[in-house]
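K.L.:
Provide a 3D model corresponding to the input given below.
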Amino acid sequence: MIKRAGADLGSRALQWEMANEARMTPRLLLLGIDGGGTRCRGRLADPSGLVLGEGYAGPANLRLGLEECLRQVQHCTALCLDHAGIPGQEGRIVACLALAGASEPTHLEMVKSRPLRFRRAVFATDAHAACVGAHKGGDGGIVIAGTGSIGWALLGGRTHRVGGWGFPLSDEGSGAWIGRETLRRVLWAQDGLTGWSGLLKSVFQSFDSDAHKITDWAETARPRDYAALAPTVFEHAGQGDVEACRLIDRAAKHIEALVSRLKALGTSRISLMGGLAGKFDPFLSDRLRSSLVAPSGDALSGALRLARAEADRLGIVRPEKALHG
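P.N.:
Predicted structure coming up:
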């Protein structure tokens, strides 16, 4: 009896020790970051996928500067942790930073070389994370129409890219492209090279009807500044403004060209994503619209999936630690 009682006490002591270790061992956290040309979004989750917190910060595009990009990522991360009620826990995080501009090798190498406070960080383009999210990691493609534009596909483990080489040389059909083309037509109208429309008059008046103020503004304007004009163009196009309709029709054709190229590469499932996706819908051809599929997730869900894959690869996700809370 004494021996059995001692065994029971030892068993209970072991159970208490294990329970105490589970309480004291910091749980793994997963973080997905979607850094775009207009804003940075973050989503914090536990290994089971339960969302613990979210946050938003300013643009996190590597093309706009490494320091500013990382500053916004850090701020967004802090907001996610604050939202979850666990501030200052960056060291518990396996993160996927999906950043605009990470498709460029020089930008990617620079950001990889920077020490970060995370337990582990992997990097991807915002387009890649969006494609992973849209198709749950399976084969498929996306076209992003937002501040910028790009076509991206995952097929048999290979990635395919169309466009998205950065504003002003590329990103046709994007919000930034629409804004730039609008201002170009305002200047044409001012020079008498084309006629005025309600859209062009409205935009010109926002610059005090002064062409020099437009050119001064353009010297420091960033893609998101140009893209801020896009909603006005869509609004006027919906009202039948001739110049607005021409612009949006041209933009829609650029978006359709990206979709067509992805199809030519063998992509059967394609989703239209980005902040302007819904606005483009009435201007796309019926044939193209019917061929698109709704995305199953977004860039944040894709980034979290990539973060989880990295944690699995490193062997640091244990089922007993995949708890909620």
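K.L.:
immediately after the helix or strand of the chain with the lowest mean pLDDT, which helix or strand?
P.N.:
In the chain, the helix or strand scored least confidently by mean pLDDT, DSSP states H and E is helix 2-24, which has a mean of 42. Downstream of helix 2-24, the first helix or strand assigned by DSSP states H and E is strand 29-35.
K.L.:
pLDDT on that following strand, on average?
P.N.:
The average pLDDT for strand 29-35 rounds to 97.
K.L.:
output the contacting helices and strands for it.
P.N.:
strand 40-45, helix 66-84, strand 93-99, helix 126-134, helix 299-314 (3 or more CB pairs under 8 Å, 6 or more residues apart in numbering; DSSP states H and E). For every residue, glycine as well, the C-beta is placed using N, CA and C.
K.L.:
show the average pLDDT along the last one.
P.N.:
In this model, helix 299-314 carries a mean pLDDT of 95.
K.L.:
next: the shortest one.
P.N.:
Over the span of strand 40-45, the pLDDT mean works out to 97.
K.L.:
measure how that strand sits relative to helix 66-84, angle-wise.
P.N.:
Interaxial angle of strand 40-45 relative to helix 66-84 (axes from the mean of the first three to the mean of the last three CA atoms, to 10 degrees): 40 degrees.
K.L.:
tell me which strands strand 40-45 pairs with, and in which orientation.
P.N.:
strand 29-35 (antiparallel), strand 51-57 (antiparallel) (DSSP bridges).
K.L.:
for the last one, buried residues please.
P.N.:
So that's strand 51-57. For strand 51-57, the buried set under the neighbour-count rule, 16 or more other CB atoms under 10 Å, comprises 51-55, 57.
K.L.:
repeat for the first one
P.N.:
Residues of strand 29-35 classed as buried by neighbour count (16+ other CB under 10 Å): 29-35.
K.L.:
which one of these is nearest residue 152?
P.N.:
Comparing these against residue 152 with CB to CB places residue 34 closest, at 13.8 Å.
K.L.:
output the below-cut-off pLDDT ranges for this protein.
P.N.:
1-26, 317-325 (pLDDT under 70).
K.L.:
nice, that's everything, thank you.
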